[in-house]
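predicted model follows, preceded by the sequence.
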Amino acid sequence: MAGSVMVVCPACDTANRVPADRLGDGPVCGRCRERLFQGRPVALSGARFDAQVGRSGIPVLVDFWAPWCGPCKVMAPAFEQAARELEPGIRLAKVNTEDDPSLAARYGIQAIPTLVLFKGGREVARHSGVLPLPALVAWARKGLGSSG
């Protein structure tokens, strides 16, 4: 049997141990019973960010954005669709830099949108600027060194 992976619930931030070979089977949170993969980005700030990125056994792709940012608005639908394409292999999340400027400062975000890919709680790739859906998916997969 394959090993297990820690998946943090997008609803209650509880870490759930899921068999790696069952990630695509619609697992639910042991605490709140919500689906662990919902096909949409998770809104993060402060402690939620640390729980989702720091405790996740799957990579987390974070979009640092702001509501007034035109390019952010242009990329938002592609990022939403990418969540459906990349889960359960990658969790997608969004950080509103207006609501949580301390997170943007912590990661040295100087332009938005900026995508940061985390694996094991550590940054492994970064891209600033708009990416259309095919390029966004390809960039995320390349950042993890995989094609699938």
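Sure, I can see it. Keep in mind the model is a prediction, meaning the values are calculated, not measured.

now do the helices in this structure.
Secondary structure of the chain (DSSP state H): helices at 46-54, 70-86, 101-106, 133-143.

can you pull the buried residues of the lowest-mean-pLDDT helix or strand in the chain?
Among the helices and strands of the chain, helix 46-54 carries the lowest confidence by mean pLDDT, DSSP states H and E, at a mean of 93. Neighbour counts over helix 46-54 (16 or more other Cβ atoms under 10 Å) mark 48, 49, 51, 52, 53 as buried. The way it works is simple: take the backbone N, C-alpha and C, and place the C-beta from them, glycine included.

what count of nearby residues applies to residue 144?
Counted with other Cβ atoms under 10 Å, residues neighbouring residue 144 total 18.

can you report phi and psi for it?
Here is the backbone geometry of residue 144 (degrees, to the nearest 10): phi -100, psi 0.

what separation do you get for the nearest residue to it once chain neighbours are set aside and residue 116?
Spatially, and ignoring its direct neighbours in sequence, residue 144 is nearest to residue 59 (5.7 Å; Cβ to Cβ, 6 or more residues apart in numbering). Look at residue 59 and residue 116: by Cβ to Cβ, to the nearest Å, they are 11 Å apart.

repeat that for residue 139.
The gap separating residue 139 from residue 116 is 12 Å, by Cβ to Cβ.

go on, residue 90?
On the measure of Cβ to Cβ, residue 90 and residue 116 end up 12 Å apart.
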